[in-house]
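Asker: please find the sequence and the predicted model below.
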Amino acid sequence: LSDRLEGAFKSLTGDNKITEINVATSLKEIRRALVAADVNYKIAKEFTDKVKEKALGTENVLKAVKPGQLMVKIVQDELTDLMGGQSVGINVKGSPAVVLIAGLQGSGKTTFSGKLALYLKEKRKMKVLLTACDVYRPAAIDQLTVLAGQVGAEIYKEPDNKNPVDIALHAIDHAQQNKFDVVIVDTAGRLSVDEKMMQEISDVREAISPNETLFVVDSMTGQDAVNTARVFNERINYDGVVLTKLDGDTRGGAALSVKYTVGKPIKFVSTGEKMDALDVFYPDRMAQRILGMGDIISFVERAQDQFDEEEAKRLEKKIKKNKFDFNDFLSQLAQLKRMGDMKSLLNMIPGMSKAMKNIDIDDSAFSKVEAIIYSMTPAERADPALLNMSRKKRIALGCGQGMEDVNRFIKQFDQMRKMMHKLSNNPMMAQMAGNFK
Ligand code: GDP
Ligand code: MG
């Protein structure tokens, strides 16, 4: 999908205005790409119509912005919207809270049950009871038992009982008596939707009235995922969706279609067989994924766009002579800012969005650094070596920050400068850097 979309946007770059014609060309490509990613044709059509409206509407307002980038932004915002806009958390209020897991066989219910147990234990500090209600396959109970052991949760099972309603009710009793915070009920599934299975899962749901019912669906099943999601929703009116197997050769389109078709939020995505391969679902991240923004090429292209060749040569010389100063630093900062906000840039580096999940990059960190440099005299900016104690004190007062902030920045600047100098005089590194120009 990402390749196709990139192609779609390429037809826009170069033109400096969004017109009816070039929008139509790229929208057709986008529509094809979405359909190829298992988005239902009707949804894709409605989606691109909306994007078209927006793109043409902004023509005059945003003349300065490159149309390709503008389209990326519009498409991304619309995708985010379509997938719910905001992240919706799991409801685990209750004593105990009861979470029912439903879905087809092989969709990843049992695996997810284990992951959810780990998540609730670690992130919410809850005491978790896993319940084995897949009564058709003895191996299913063993599987859940192994997973429970792995994540350090307790399991409730009755190997000789063939009635899932009974087992679930007993498990909840057991949880109440033993002060568990949450009961996760793993159920059986069939290879395809059939009446017996639907009756069973709705019986269980009725009997235990869970606080949260989650429908688990394999994102690799494409268009089928949507149909299954619809049938389950009609019968058990679940609260949220879990998309599994997003680690494979993924069709991000399932996320879009499922949310669009059943209107229920996607709450988790499962990205592997290991117990910690579970993520809370964020619509904006999925939009980026569908758009194939986790792509170093677009990062480089975008950076290159803004980068002035002349400036690059001038800087290279300065770095080689170890003369990189605060003025150069400021102009680099300005360039970075022009490229867009830091977070979305970093998200484009593969793996980065995952690594950055818990780190909040703050654009205000830039402003703090800028304020420090602005409080320097022109002489100081051009010659970092001038900065002695009394000058630093003056700067700290001038920018309203502490001495430690000023010292820290100057130290970091110094290290960066040394590092750049070293790299610039290392032929191999210089060549590698050259390859990216
Ligand atoms: P259930 O029948 O719905 O309980 O499905 P299982 O939890 O037993 O999963 C079926 C198979 O899919 C197992 O081999 C799991 O290891 C695998 N699986 C489940 N979730 C994921 C996932 O997110 N990624 C990958 N790669 N495999 C998964
Ligand atoms: Mg199972």
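Answerer: Okay, I see it. Remember, it's a predicted structure, so these values are computed and weren't measured experimentally. Ligands and ions are numbered 1, 2, ... in the order given.
Asker: what sits against residue 158?
Answerer: By Cβ atoms under 8 Å, 6 or more residues apart in numbering, the contact list for residue 158 reads 166-167, 170. Placement of C-beta: from N, CA and C, glycine included.
Asker: wasn't it part of a helix?
Answerer: No: the assignment for residue 158, made by DSSP: H, G, I helix; E, B strand; the rest coil, is coil rather than a helix.
Asker: tell me the pLDDT at it?
Answerer: pLDDT for residue 158: 96.
Asker: count the neighbours of the residue in the chain positioned nearest to ligand 2 for me.
Answerer: When scored by Cβ to the ion, the chain has residue 110 as its residue closest to ligand 2, at 3.2 Å. Using other Cβ atoms under 10 Å as the criterion, residue 110 is surrounded by 26 other residues.
Asker: what do you get for residue 107?
Answerer: Around residue 107 there are 26 other residues, counting by other Cβ under 10 Å.
Asker: which SS class is residue 130?
Answerer: strand.
Asker: contacts only, for it.
Answerer: Residue 130 neighbours (Cβ under 8 Å, 6+ apart): 113-114, 117, 144, 147-148, 153-156, 184, 186.
Asker: hmm, try it at 7 Å
Answerer: Residues in contact with residue 130 (Cβ atoms under 7 Å, 6 or more residues apart in numbering) are 113, 117, 144, 148, 153-155, 184, 186.
Asker: can you flag which of those residues belong to helices?
Answerer: Among the contacts of residue 130, DSSP state H puts 113, 117, 144, 148 in helices.
Asker: filter those residues down to the ones near ligand 1?
Answerer: Residues of the ones in helices among the contacts of residue 130 in contact with ligand 1 (Cβ under 6 Å from any ligand atom): none.
Asker: nearest to residue 201 among those?
Answerer: Nearest to residue 201 out of these is residue 113 (Cβ to Cβ; 14.4 Å).
Asker: what does the pLDDT read for that closest one?
Answerer: The model's pLDDT for residue 113 equals 98.
Asker: ok, the one 3 residues further on next?
Answerer: Looking at residue 116, its pLDDT is 98.
Asker: ok, residue 123 to residue 29 distance?
Answerer: 40 Å (Cβ to Cβ, to the nearest Å).
Asker: the two - which one has more neighbours?
Answerer: Set residue 123 next to residue 29 and count neighbours by other Cβ under 10 Å: residue 29 wins out with 19 against 9.
Asker: now the more buried one: how far from residue 35?
Answerer: Relative to residue 35, and taking Cβ to Cβ, residue 29 is found at 11 Å.
Asker: equivalent analysis for residue 94, please.
Answerer: 42 Å.
Asker: in a markdown table, list the contacts of residue 130 along with neighbour count and distance to ligand 2.
Answerer: Formatted as a markdown table, the contacts of residue 130 follow (neighbours: other Cβ atoms under 10 Å; distance: Cβ to the ion, whole Å):
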| residue | neighbour count | distance to ligand 2 |
| --- | --- | --- |
| 113 | 29 | 8 |
| 117 | 28 | 14 |
| 144 | 27 | 7 |
| 148 | 24 | 13 |
| 153 | 24 | 16 |
| 154 | 16 | 18 |
| 155 | 22 | 13 |
| 184 | 31 | 12 |
| 186 | 31 | 6 |
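Asker: how about the residues of the stretch 251-400 of the chain near ligand 1?
Answerer: 270-273.
Asker: try 8 Å this time
Answerer: 270-273, 277 (Cβ under 8 Å from any ligand atom).
Asker: nearest to residue 176, of those residues?
Answerer: Using Cβ to Cβ, these come closest to residue 176 at residue 270, 29.2 Å.
Asker: tell me the contacts of the closest one?
Answerer: Counting by Cβ under 7 Å, 6+ apart, residue 270 has contacts 108, 111-112, 115, 242-246, 277-278.
Asker: which one (most neighbours) among these?
Answerer: Most neighbours among the contacts of residue 270, by other Cβ under 10 Å: residue 243, with 31 neighbours.
Asker: in a helix, it, correct?
Answerer: No: using three-state DSSP, the assignment for residue 243 is strand, not a helix.
Asker: need the contact list for it.
Answerer: 217, 219, 254-255, 266, 269-270.
Asker: out of the residues you listed, which sit inside strands?
Answerer: Taking DSSP state E, the ones among those that sit in strands are 217, 266, 269-270.
Asker: pLDDT score assigned to residue 53?
Answerer: Looking at residue 53, the pLDDT reads 82.
Asker: is ligand 2 contacted by whatever helix or strand residue 214 lives in?
Answerer: Assigned by DSSP states H and E, residue 214 belongs to strand 212-218. No: using Cβ under 5 Å from the ion, strand 212-218 stays clear of ligand 2, coming no nearer than 9.3 Å.
Asker: check what contacts that strand and list those residues.
Answerer: Contacts for strand 212-218 (Cβ under 7 Å, 6+ apart): 90-92, 99-103, 106-109, 112, 205, 225, 228-229, 232, 236, 238-245, 258, 267.
Asker: let's go with 8 Å and repeat that
Answerer: By Cβ under 8 Å, 6+ apart, the surrounding residues in contact with strand 212-218 are 90-92, 97-104, 106-109, 112, 205, 225, 228-229, 232-233, 236-245, 254, 258, 264, 267-268.
Asker: in it, which residues are buried?
Answerer: By neighbour count on 16 or more other Cβ atoms under 10 Å, the buried set for strand 212-218 is 212-218.
Asker: I'd like the next helix or strand past it.
Answerer: With DSSP H and E, the next secondary element past strand 212-218 is helix 223-236.
Asker: what angle separates that following helix from strand 212-218?
Answerer: 160 degrees (axes from the mean of the first three to the mean of the last three Cα atoms, to 10 degrees).
Asker: what residues does the stretch 1-150 of the chain have near ligand 1?
Answerer: So the stretch 1-150 of the chain meets ligand 1 at 103-113, 134, 140, 143 (Cβ under 8 Å from any ligand atom).
Asker: can you lay out these as JSON lines showing secondary structure?
Answerer: Shown next, in JSON lines, are those (three-state DSSP):
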{"residue": "103", "secondary structure": "strand"}
{"residue": "104", "secondary structure": "coil"}
{"residue": "105", "secondary structure": "coil"}
{"residue": "106", "secondary structure": "coil"}
{"residue": "107", "secondary structure": "coil"}
{"residue": "108", "secondary structure": "coil"}
{"residue": "109", "secondary structure": "helix"}
{"residue": "110", "secondary structure": "helix"}
{"residue": "111", "secondary structure": "helix"}
{"residue": "112", "secondary structure": "helix"}
{"residue": "113", "secondary structure": "helix"}
{"residue": "134", "secondary structure": "coil"}
{"residue": "140", "secondary structure": "helix"}
{"residue": "143", "secondary structure": "helix"}
